Each structure stands twice: as structure tokens, then as C-alpha cells.
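> Have a look; sequence and predicted model below, questions after that.
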Amino acid sequence: MRLFNSPTGYGAVAQVLHWLTVVLVILAWTLGIFGDLLPRGEPRHAGLFIHIAAGTSVIVLVIARLIWRLVDLRPLSEATKFSTLLGRWGDALAGIAHYALYALLVVVPVAGLVLQFARGEALPLFGLVTIPSPWLKDATFAHSVKEVHEILAHALVILAALHASAALVHHWVFRDRTLIRMLPHTEE
């Protein structure tokens, strides 16, 4: 497997960054939704710690992805039955969806960090250091930020599900290489 992208597919680095992001988003979202079901005390604190670590890791991965994108250009776009069917509108929708995904991948964890600080809590960074809250506890503000964080997290998961669905439709219905370009393969 090659590290760098080729004209026809993504390389190992881009694929690892993509799939790690997927796993971390699913982990963070699941713990965000079901974390309150964990028993009070240490299990719930561990769940919150993992939730925060996953969200913080997503920010780090997005930065790494953007840097890697500057170093290693994307594979060439190919005409698909979908893009032929919708023309420029389909390409524009795909572009908007990708930019929205990247934006949500940053905004959702940042809102979570703001929430942690609004609660007056320190931010644990992977168990290595903690950043004390720069603000005093503000329950009203924390509640508002929590609502925004949750709505945006749901939007991220819905958009990611649509993104995955589109890849599967391209592969199974239109039978083009859109999905194959992101899966590990050994062609060359």
C-alpha cells in the first residue's frame, strides 16, 4: 500500500486519518448520548474523559488532515453517473457537504471545550495536563452551549451518515469508483 495519494485513489495516510476520524466521532457521539446511563462515579467520569479525549483528538486529526491535504493533493475527480445526472449542481452539493463536514468536525469539539469551561471545569488533555477554566461557572451559559453542542453533534452524525450513504450509492447503484478510492487496496 502506498503512503501518498495516486491519481486514482487515496494513500494510506489519508485513509488512516479519515477512518480514525470516523471512529472517534462515533465514539464521542455515543458517549455523549449514552454517557449519562453509565453508573455515577468513576465509570461516568471515565466516560466523560474518553468523550473529551475523542473530541480533542478529532480537532487534532482535522488539523493533520488539512496539513496533509496541502502536502498530498487529492486524487483526480472522475465523472460519475451522478455528476453526469446532476451536472454542476451535484458537484456543488458534494463540495458544500464536504466543507460542512470539516466545519462541523471543528465546531462540535470546540463547542464541547467551551461547555467544559462554562461549567467551570478544567479541560483534561489526554491525562497529560489539565487546562483550568478561564471562566467562572455559569450554569445558564453552560446549558445554552450544551444545547448547541448537542444539535451540532447530531447534525455532524446525520451529515456523515449521508456522506457514507452517498459513497455506498455510488458504489452499489452507480457502480463507479468513489467508494473504492477510500478503501484500502493494493493496486498499482
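In hand now; what should we look at?
> Mind telling me what element the most centrally placed residue in the chain is part of?
Nearest residue to the geometric centre of the chain (Cα atoms, centre = their mean): Leu105, 4.4 Å. Here Leu105 is covered by helix 88-118, with elements defined by DSSP states H and E.
> Likewise for Lys137?
Here Lys137 is assigned to no helix or strand, by DSSP H and E.
> got it, and Leu17?
If you go by DSSP H and E, Leu17 is part of helix 12-34.
> Now do the buried residues in whichever helix or strand comes after that helix.
Where DSSP H and E defines the elements, the next helix or strand beyond helix 12-34 is helix 42-71. Going by neighbour count (16 or more other Cβ atoms under 10 Å), the buried part of helix 42-71 is 47-48, 51-59, 61-62, 65, 68. C-beta coordinates here come from the backbone N, C-alpha and C atoms, glycine included.
> hmm, who's touching stretch 35-54?
The contact list for stretch 35-54, computed with Cβ atoms under 8 Å, 6 or more residues apart in numbering, reads Leu24, Val25, Leu27, Ala28, Leu31, Gly32, Gly112, Gln116, Leu123, Pro124, Phe126, Gly127.
> Closest to Val157 out of those residues?
Taking Cβ to Cβ as the measure, Val157 lies nearest Val25 of the contacts of stretch 35-54, at 7.2 Å.
> and the next element down the chain from the helix holding Leu105?
strand 123-125.
> quick one, what contacts the residue nearest to the centre of the chain?
Taking Cβ under 8 Å, 6+ apart, we find Leu105 in contact with Thr21, Val25, Val58, Ile59, Val62, Leu156.
> Compute the distance between it and Ala64, please.
Counting by Cβ to Cβ, to the nearest Å, the gap from Leu105 to Ala64 is 12 Å.
> what's around Gln116, how many residues?
21 (other Cβ atoms under 10 Å).
> actually Phe117, not the one I typed
22.
> again with Gly11
Neighbour tally, Gly11, other Cβ under 10 Å: 16.
> Looking at Ala167 now. What's its pLDDT?
Per-residue pLDDT puts Ala167 at 82.
> do Arg181 as well
So Arg181 comes in at 53 (pLDDT).
> just Leu76 next, same as before
71.
> and which of the buried residues of helix 42-71 is nearest to Tyr99?
Once Cβ to Cβ is applied, the member of the buried residues of helix 42-71 that ends up nearest Tyr99 is Val62, at 12.3 Å.
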